[in-house]
Every structure is written in structure tokens, then in C-alpha cells.
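1. here is a sequence together with a model predicted from it:
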Amino acid sequence: MMSGFWTSEFFHNWRHNASAIAGSTLLVIFAVIVLAGPLLVAQDPYDVGSLNLLDSYKPPMWLDGGESAFPLGTDGQGRDVLASIFYGTRVSVLIGVSAMVLSCLIGTALGLLAGFYGGWLDSVIMRIADVQLSFPSMLIALFLMSAFGTGIDKVLIALTAVGWVVYARTVRGSTLSEVNKEYVQAARVAGLRDGKIIRRHILPNVLTPVIVVSTVQVGTFILIEASLSFLGVGVPITKPSLGLLIKNGFDVLFSGLWWNSVFPGLFIMALVFGINLVGDFLRDELNPRLK
Amino acid sequence: MTAPLLSVRDLRTHFHTFSGVVKAVNGVSFDIGAGQVMGLVGESGGGKSVVGFSILGLIDPPGRIEGGQILLDGQDLVGAPEEALRRVRGRQISMVFQDPMTSLNPLHTVGRQMDEMLRLHTDLDAPARKAACIEMLESVGISRAAERLGAYPHQFSGGMRQRVVIAIALLAGPRLIIADEPTTALDVTIQSQILKLMRRQIADRGASMILITHDLAVVSEMADHITVLYCGKVVERGLTRDVIGAPAHPYTRGLIDSIPDPRHRQTRLSQIPGTVPDIRNLPVGCSFRERCPRAQALCAQADPPLTAQRASLHAACHFPLTEAEAP
């Protein structure tokens, strides 16, 4: 199996695609930060007792007054910006991936049902999707968050409510083209139940676009969550995500203390950039029409 | 004659589309005895496949079976509960499709797709199912069957895939196979191999077959009797040798004349003039009259009923061909 991968066309194309390599490298770095971040920094930014107010607003280490203990400087409470970013990246990625999984499950299921059964079920699901797409997703998420209040669970609900539409539309389209193929007819002729036909025969054949959409959606969700947190209706202040770090730093940005918000901004940019590069590569590789 | 295995009585399957009601099958009747092969012949759009799907109860909206009976061993399948129909599909009646490139799921191994059929319709345990799959693959002429079970459809050629499709159709021991243009998508050289294989498999198992095709040459080789459809109605039926040798209906005659005959190389291939009329808006009287060389005033007034003609033939024509006019 593994030797098959190293000699596969997929791996060969990846090795000869600079942006795919760059994107994958970024994602590997972020994977390390997410999995091992707390081990890489000395300070726990959530542990208020470990903070020293005397360390507040230290600049990055390469500027005058900077210290090597705080490579990217500190914030108003003496928190290490790098440590905050590492912890914040975990929150952002956790939310992005969880929201992707949730909206993928719901959207794919609804798309399969709509495409397989058609009729009124299809009309109802797709009209809801159309209505939702006619509003900016940011607006819908903002509306839901102001109704629910802040919290990671509420952010997940809002992102899922926004994100299922993309999956439902993609999967419905692929399902429509699969459902008329003869192997699906053959499964019906064999006496298989609808549920089994959908799970065993249609679902595996519509998964490719789902994978592509999923990578891009993680990036989108991270950005929407960052925007919500920046606007103050996202995650709680006790467990800041990258977006909330930018907001906190933004308050002092014009006092010349730029590192508090610029560094989290660069990290979120690199993260989403890496995701999109890999997403583009997967789209080109997995889309039979572009081959 | 003993009671037929399958008896279709006045079947009417209509599609309610926005632009009108399409009467794809409009009063079709026929019988198939055990061990018989029936050719169901007609042009594209003539309702042949709809007959097949109606028998299996797989007509999707906007289509609906409006009336008639489909008796399998005397039990009516029209209006039978879905649960009962599911036990008929695959186990009593199975189907072979036209295009072997798309009738297998590209993502599952051949073995898994065969196993699915057995798991659904038999109580065999896993080793017994595997043995049955291997035996079936070998009997349809696939060598190294045990190895091939782990192969994916794309690793087979078109002809081999159709053999697999046939093997799957036969696995649960059905008594009737509906073959919907089973060789149309295959190379000519493979066609006769596959047809011979189907014929032998059907005979060995004492099963019956409905062979849906537009190719009269194929039916004349395979079928015991022939039913010719035109615009959703039976226009002629009878034993194969009578229908091919001296048809009574001008439409059947036209179909036979459109087969290239190597004995007359110089003459231009004859064709039936015109096209199939819009089935949503059929002309009054005989639907074939506008393309018929024998049409007269009566044909525009009354739709001819299916009546007994000479020999085994039944035809729906006011002015049937006589035996002297045989090709």
C-alpha cells in the first residue's frame, strides 16, 4: 500500500508542484504547532498567575528592549505573544476543523437525500440553500452569534449553519449525475434498499469533491471565526483564538505597539494560505475534468 | 400450454411531463413460458426499456403504471408492496444492462459487488458465498476467477465486464432475466460470444429471458418468439421463424428490410421513411400509417386491434402482408 503511494501519480505530481510543496510545508508546521505548541513555549498564557506585569508590552526580541524569552514581544499583561499565538492557533484550527466536520456531515447527508429522491424534498432543501446563499455568510453568522451569545459551541453552530450549504449543493450535483448511471439502476434491480444504495454506491462516488471542498472550507471557517471574534461575538476572552488576539492587539495598534496584532495576523494569513495551496492542488489532482 | 412464468396483461405505463402525457407503454400484453427467450423489438423511444422497468416496479415519477397486470406465477406485481417487490428483484427477476462500462460501480471490487447480491438473497456464509462467486465467474468464462474477485471493474475489458454483469445477474438464481440491449455497447466480435454465453446459461438453468433490442439479427439468433413494439403498443408477435420469415405487419417488414443483406450488394439499403411520431400527440387511427406504404383511408380512422393472422402471427394492421409478399 505505501510503496503504491510513493510511486503513484499523485505523489509524483505533488513533488513537481512548488506551491503544493509550500502549502504542505506550512500545514506541517501548523500541525506541529497545534499538536505540540504548549511544549514549544515556556509560558502558559491561560495561567494568569505565571504572568508578570513588569514584562508588559515588551517589543520583539530584535528591537531595543526586547528579550529572547519573548521572541515576538509581550502584551499588556506580560503575556508572551508567541505563546498566545500557539495557543490561539489551536483554538482557531479546532474550530475550523470541527465546523468543517459538522457542516460536512449535515450538508453531505442533505445533498445525498436531495439528489437521490428529488421532488419536494429536493425543492425544500435547495430553496433553503438558495435563500441562505443570497445573504453574505458573515452576516448570517453575525446574526446567529448576537442571538446566541459567545462561546466555542455557539461559534460552531453558527459556522455549521453557514457552511452546510456548500456541501449540500456540491453533493447534490454529483449525486444527480451518479443516480442515473447504470450501476445505481443495477443496485436497485438487485433489490437493494435505498439507504444501502446511497451509502454503499453513491456516497463513495461523490466523495472526491467533498474532500476538495473540505480543505477550502477549513480556511473559510477559520477566517469567519476570526472576523466574528474580532467583532467581539466569537470565542470567549479566556480562550482567545487568533482573531481575538488580533482584536486585543488592535486596541493598542495605534500606540505603536504593532506586534500585538500584526503577528497573529501573519499567522492566520500563513495558515489559510497553506490550506488554500493544498486545496488547489487537491482540486487539480482529484477533478477528472482538469486531467 | 401450461401457465406462463410471466404474463403481462394490458400494461400501461405513462409519464406525466410538463409538455403532456407520454404513453410510453400503452396496452402491452405478452406471455413468457419457463425456459423461453422472448425478443422485445422496436426503435429507440418505442417503450422497450420501460416495459422492463415496469416489470421490476422501478418506474420513477413522473412515470406511473396506470393499469394492467404483471403476473409472475399468477401473482400480480402491479401495486405489490415495495417489500415484496424487493424480494422479486434479483431473486426472481434480474436485469442485464446495455453498457458494461457504467453498470458496475467503479469503486468496488468485482468480488464485493457479486457478494452483495448473494448476501441480499441467500443465507450462505462468507466462504460459501465466495465459492459461489468463483464458480459463477468460471461458468461465464472468466479464468483465474479466485484472483479476479479482488480486481476492480476498470481492470477488465468491455466484454469481460459484461460477463461479470451477467454473472451477477445469474447469482441469485433468478427465473427470468431481462436483458436490455446487452450487446449494443460491445465490439461486434464480442457480441456473438456474449449472446452464445447468455443463451447457454439461460438454457442450463432453465431460466427465461426477455431480450430487449433494436437488432433483429440478434433476436433471430436468440429468441423463441418475438414481440414488436411501436409507439408503446404491440404491433406484431409470433414465433421467431414466422415473424422473421414472413411478417404480417408492414413495420416489422420495414425493420427486416433495413438489415443489410450481403446477397444484394448493389441495391441501396432500404429504410422506413419518416420518424417515430411525437408520442405525446399520436395521430388518430394507426400510429404507423404516416410511414406505411400500405396505408389507406381506413387507417386514419380506426386503430387496428391485435388480431390473429396466419401461422403463429398476431398483428395490429388493417391490411396485413400475405405470405406471398414475404421478403
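-> All right, it came through fine.

2. any residues of the stretch 51-200 of chain B in contact with chain A? List them.
-> Residues of the stretch 51-200 of chain B lying close to chain A by Cβ under 8 Å from any Cβ of the partner chain are B:56, B:58, B:61, B:86-91, B:94-95, B:97-99, B:102-108, B:116-117, B:120-121, B:165, B:168. All C-beta spots, glycine's among them, are computed from the backbone N, C-alpha and C.

3. give me the buried entries from those.
-> Neighbour counting over these (16 or more other Cβ atoms under 10 Å in any protein chain shown) leaves B:56, B:86, B:88-91, B:94-95, B:97-99, B:102-105, B:108, B:116-117, B:120-121, B:165, B:168 as the buried ones.

4. in whatever helix or strand A:Leu228 lives in, which residues are buried?
-> Using DSSP states H and E, A:Leu228 sits in helix A:203-230. Buried residues in helix A:203-230, defined by neighbour count with 16+ other Cβ under 10 Å: A:203, A:205-210, A:212-230.

5. how distant is stretch B:211-229 from the center of its chain?
-> 8 Å (Cα atoms, centre = their mean, to the nearest Å).

6. so which bits of it are buried?
-> B:211-216, B:218-229.

7. in strands, which of these appear?
-> Using DSSP state E, the members of the buried residues of stretch B:211-229 that fall in strands are B:211-213, B:225-229.

8. list, one by one, the residues from chain A near chain B.
-> Counting by Cβ under 8 Å from any Cβ, chain A sits next to chain B at A:118-119, A:181-183, A:185-193, A:200-201, A:204-205.

9. just the buried ones from these?
-> Looking at these with 16+ other Cβ under 10 Å, the buried ones turn out to be A:118, A:181-183, A:185-192, A:200-201, A:205.

10. out of the residues you listed, flag the one nearest to B:Glu323.
-> Nearest to B:Glu323 out of those is A:Val189 (Cβ to Cβ; 40.6 Å).

11. that closest one reaches B:Gly90, doesn't it?
-> Yes: counting by Cβ atoms under 8 Å, A:Val189 does reach B:Gly90; the two are 6.7 Å apart.

12. indicate the residue of the stretch 1-150 of chain A located nearest to chain B.
-> Nearest to chain B, among the residues of the stretch 1-150 of chain A, is A:Gly119, at 6.7 Å (Cβ to the nearest Cβ).

13. give me the neighbour count for B:His269.
-> Quick fix: residue B:269 is Leu, not His. The local packing of B:Leu269 (other Cβ atoms under 10 Å in any protein chain shown) involves 10 other residues.

14. go on, A:Asp130?
-> Using other Cβ under 10 Å, A:Asp130 has 11 neighbouring residues.

15. from the contact counts, what lies against the helix or strand hosting it?
-> Using DSSP H and E, A:Asp130 sits in helix A:119-133. With contacts taken as 3 or more Cβ pairs under 8 Å, 6 or more residues apart in numbering or on different chains; DSSP states H and E, helix A:119-133 sits against helix A:81-117, helix A:152-179.

16. let's have those helices in CSV, adding mean pLDDT and distance to B:Ile256.
-> Converted to CSV, those look like this (pLDDT from 0 to 100; distance: least, Cβ to Cβ, whole Å):
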stretch, mean pLDDT, distance to B:Ile256
helix A:81-117, 91, 43
helix A:152-179, 90, 38
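
17. reformat the ones you listed as TSV; add mean neighbour count.
-> Formatted as TSV, the helices and strands packed on helix A:119-133 follow (neighbours: other Cβ atoms under 10 Å in any protein chain shown):
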stretch	mean neighbour count
helix A:81-117	22
helix A:152-179	21
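
18. now for those, which one comes closest to B:His249?
-> Judging these by Cβ to Cβ, what sits closest to B:His249 is helix A:152-179, at 37.6 Å.

19. tilt between the closest one and helix A:119-133?
-> 130 degrees (axes from the mean of the first three to the mean of the last three Cα atoms, to 10 degrees).

20. and of the ones in strands among the buried residues of stretch B:211-229, the nearest to chain A?
-> For those, the nearest to chain A is B:Ile212 (13.4 Å; Cβ to the nearest Cβ).

21. give me the pLDDT value at that closest one.
-> The model reports B:Ile212 with a pLDDT of 91.

22. same check on B:Gly45?
-> 67.

23. next, the buried residues of the helix holding A:Asp130.
-> A:122, A:125-126, A:129.

24. pull the CA atoms of that helix into PDB?
-> The C-alpha trace of helix A:119-133 is given here as PDB (Å, rounded to 0.1, in the frame of the first residue of the first chain):
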ATOM      1  CA  GLY A 119     -39.200  16.000  -5.800                       C
ATOM      2  CA  TRP A 120     -40.400  18.200  -3.000                       C
ATOM      3  CA  LEU A 121     -37.600  17.200  -0.600                       C
ATOM      4  CA  ASP A 122     -35.000  18.400  -3.200                       C
ATOM      5  CA  SER A 123     -37.000  21.600  -3.700                       C
ATOM      6  CA  VAL A 124     -37.300  22.400   0.000                       C
ATOM      7  CA  ILE A 125     -33.600  21.700   0.800                       C
ATOM      8  CA  MET A 126     -32.300  23.600  -2.200                       C
ATOM      9  CA  ARG A 127     -34.600  26.600  -1.800                       C
ATOM     10  CA  ILE A 128     -33.400  27.000   1.800                       C
ATOM     11  CA  ALA A 129     -29.800  26.800   0.400                       C
ATOM     12  CA  ASP A 130     -30.600  29.400  -2.200                       C
ATOM     13  CA  VAL A 131     -32.100  31.800   0.200                       C
ATOM     14  CA  GLN A 132     -29.100  31.400   2.500                       C
ATOM     15  CA  LEU A 133     -26.700  32.000  -0.300                       C
END
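
25. what sits against the residue nearest the centre of chain A?
-> Compute the mean C-alpha point of chain A, and by Cα atoms, centre = their mean the closest residue is A:Val218, 1.9 Å away. Neighbour list for A:Val218: A:93, A:96-97, A:100, A:275 [criterion: Cβ atoms under 8 Å, 6 or more residues apart in numbering or on different chains].

26. reformat these as JSON lines; add distance to B:His154.
-> JSON lines is the format used below for the contacts of A:Val218 (distance: Cβ to Cβ, whole Å):
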{"residue": "A:Val93", "distance to B:His154": "37"}
{"residue": "A:Gly96", "distance to B:His154": "36"}
{"residue": "A:Val97", "distance to B:His154": "33"}
{"residue": "A:Met100", "distance to B:His154": "31"}
{"residue": "A:Ile275", "distance to B:His154": "32"}
